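Asker: Have a look; sequence and predicted model below, questions after that.
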Amino acid sequence: MADARSAILEKIRAVKPAGFGDKATAWQQIPRSFLVGSTLGREEILHLLEDRLLDYDATVERCVPGEIAGVVKALLEKRGKSRMAIPDGMEPTWLPNEGVDFVVDRELPYSELDLVDGVMTGCTVAIADTGSIVVRNTSGQGRRAITLVPDYHLCVVFASAVVKTVPEAMRLLQTWNTAPITFFSGPSATADIEMTRIKGVHGPRFLDVVLVLD
Amino acid sequence: MSRIPLDPATSPAFPKAAKKSLGDQQLRRNVRHATDVIQAKRKRMVEERDDWQDLRESGSQIRQHTLRYLDQYLEEFERNCTKAGGHVHWARDGKEACEIVTRLAREAGAKEVIKIKTMTSEEIHLNNALETAGIMPVETDLAELIIQLGEDQPSHIVVPALHKNRHQVREIFKQKMGLKDLGDTPADLAEAARSYLRHKFLTVPTAVSGANYLIAETGGVCIVESEGNGRMCLTLPETLITIAGIDKVIPLMDNARTEVLADEEGRQTLHCIRCGACQNACPVYRQTGGHAYGSVYAGPIGAILTPQLQELHHAESLPYASSLCGACYEVCPVKINIPEVLIHLRHKVVEKQTKGLGTLNPEAVAMRVMAYIFRSEARFRAAQKFGRTAEKPLVNREGWIGWLPGMLGGWTQARDLQAMPDETFREWWEKRDKKEGRNG
């Protein structure tokens, strides 16, 4: 008996519909008339992102670059957060000088991550259409576990990193396409019981976004 | 807590199973509420998108393209996944897939595995296989957890527990989680699931997932989820076993999918991305719920996918579980023409059932008689007259027929038939012409 791999491939070749010439060329010829960019201005795109995030039960605070630390301080005070995990490479000027203990994640055990009050990170890109924020394992964003295990995530998003559509974001992310990439649209949520959308189950259940107008 | 999985090979025929579901008022209320909510939300989002039809067209063509080069994409995925440190295993059918997963879990030393919701694992009855091997599968999706603890069966591809309401979920959780005081708001129930699973996420080193897509270009696996349970399973464990059908753009388990691929008219079934939109839109599913379909794939997509995966050895009644209204085709994001495939499969079922009978099978005879009548105006008029006379003893006072004899009885099994009107349109028209002295 042939091994499963050859058996399956052989059978596929025998029964599949014929291709239209070379695979790469055929791939290029698929019609893609969906919208890739948009005619919206920057303010409209930011407004759309905010609207989506609020719809998902996240909060959004706008500020200019010099105000980040102050806004972060106020948010953490309001939430009563005093011990926050941060990834390696976090921009020091974003961090308030007092009131909060920031723990740099250098392979913290999961049980430790489970005990911090929250996590603060930057992001790679944000998508207005879907209200999604994209993070990857890099300086200032951290490994996947740190934006997952803590119950609260404070994310700093620069307006210059906001795009309107998913295809625009995909184009940007192409550079890192072999690395794990996480898209999250608001805090953890479920609608599994009676289709009632409720805040979170396992992932971070609370999300604050600081939108920086750069 | 082993449960009997939905199995098309042993499930009763759809009309029989549907009759049972139709008698369950609670089930019907739950299903109607859930499908109404999802449909309304989907509609709102679709209306916001100016390019929805463009997206559908691209989606459809991408799926067609992938099937045309399926062998090459599979090899490309394997190459890139291996390069990225993964291992690709191939399984001809569900049994072989279960054996591989069980072996891998054993090699990882797993006593239990945490699972992301995967309909593919339901299709192949993976949980039973793992339990038999002494490995405890722990479902982490809220709906799948409800199904697992309730020893129930999934009834929808996207929201598998939509047939249960909050009170029913509360009873299951109280009993199986040993909780005395538990509220019945969805938030209370979600909190209970969080506490129940938290420790598992942080400590169980082996996870099992399905895949929304496998990406050939990078060897990557794409999972879409909302609760965070998916991210937990993908991120924290040391071993991740992903199981997916070869139709998921690119992976590993055949389980009769190549048979579907071989059927020119049926193969568009493999374009399916398992979004569940057709289920929510289907007037049949909305009445019966998912269990009546006797398979993890319910609703219109199930009515075409299940019989094909069973190579028509089972589930022959499913292609008939539809009014062919076309709502499923209209909402399908990758434009699968489900009514067309349903008719194609009905044809195959009839061919199979009447094999050897040739032109003598009753349906063919009836059709020939119909054709004979329809070919001549005189015969057609005579048949109408005959019908009006013949039906008389069966018509009730309100003008309905509740019972028809013999082969015709199928029609009145689940609905009444309106009696024929006293005169036909032609008769009325001719009378009117005479009365007003017009001709023609």
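Answerer: Perfect, I can see it now.

Asker: Low-confidence stretches in the chain?
Answerer: This is for chain A. A:1 (pLDDT under 70).

Asker: if you could check chain B rather than the one you did, that'd help
Answerer: For chain B, the stretches with pLDDT under 70 are B:1-3, B:248-251, B:253, B:437-440.

Asker: how many other residues sit next to the closest residue in space to B:V31 that isn't next to it in sequence?
Answerer: Of all residues not flanking B:V31 in the chain, B:G289 sits nearest, at 4.4 Å (Cβ to Cβ, 6 or more residues apart in numbering or on different chains). Using the backbone N, CA and C atoms, a C-beta is placed for each residue, glycine as well. When neighbours are defined as other Cβ atoms under 10 Å in any protein chain shown, B:G289 has 26 of them.

Asker: quick one, phi psi at A:M84?
Answerer: Backbone geometry at A:M84, expressed as degrees, to the nearest 10, gives phi -120, psi 140.

Asker: just to revisit the earlier point, what about the residue nearest to B:V31, distance to chain A?
Answerer: According to Cβ to the nearest Cβ, to the nearest Å, B:G289 and chain A sit 14 Å apart.

Asker: Ok, B:E78 next?
Answerer: 8 Å.

Asker: which residues touch that residue?
Answerer: B:E78 makes contacts with B:V88, B:G219, as judged by Cβ atoms under 8 Å, 6 or more residues apart in numbering or on different chains.

Asker: wait, doesn't the residue nearest to B:V31 sit right on B:Q26?
Answerer: No: counting by Cβ atoms under 8 Å, B:G289 stays clear of B:Q26, with 10.4 Å between them.

Asker: dump the residue contacts of residue 10.
Answerer: Chain wasn't specified; assuming chain A. Residues in contact with A:E10 (Cβ under 8 Å, 6+ apart) are A:A2.

Asker: so which helix or strand takes in it?
Answerer: Element membership for A:E10, per DSSP states H and E: helix A:4-15.

Asker: do the same with A:V209
Answerer: Short version, using DSSP H and E: A:V209 is in strand A:206-212.

Asker: Quick one: the strands in chain A, in order.
Answerer: For chain A, strands defined by DSSP state E occupy the ranges A:59-63, A:83-86, A:101-104, A:118-121, A:125-127, A:132-136, A:152-158, A:162-163, A:181-184, A:189-190, A:198-199, A:206-212.

Asker: Could you point out the longest helix of chain B?
Answerer: Secondary structure assigned by DSSP state H gives helix B:25-48 as the longest helix of chain B.

Asker: touching chain B at all, the strand holding A:V209?
Answerer: No: Strand A:206-212 lies out of reach of chain B by Cβ under 8 Å from any Cβ of the partner chain, never closer than 11.5 Å.

Asker: What helices and strands are in contact with that strand?
Answerer: Identification of packing neighbours for strand A:206-212 by 3 or more Cβ pairs under 8 Å, 6 or more residues apart in numbering or on different chains; DSSP states H and E yields helix A:42-55, strand A:59-63, helix A:68-79, strand A:152-158.

Asker: Could you say which of the ones you listed is packed most deeply?
Answerer: Ranked by mean neighbour count, the helices and strands packed on strand A:206-212 are led by strand A:152-158 with a mean of 22 (mean count of other Cβ atoms under 10 Å in any protein chain shown).

Asker: what separates whatever residue of the stretch 151-300 of chain B ends up closest to chain A from B:K20, distance-wise?
Answerer: Nearest residue of the stretch 151-300 of chain B to chain A (Cβ to the nearest Cβ) works out as B:G228 at 2.2 Å. Note on B:G228: its distance to B:K20, by Cβ to Cβ, to the nearest Å, is 36 Å.
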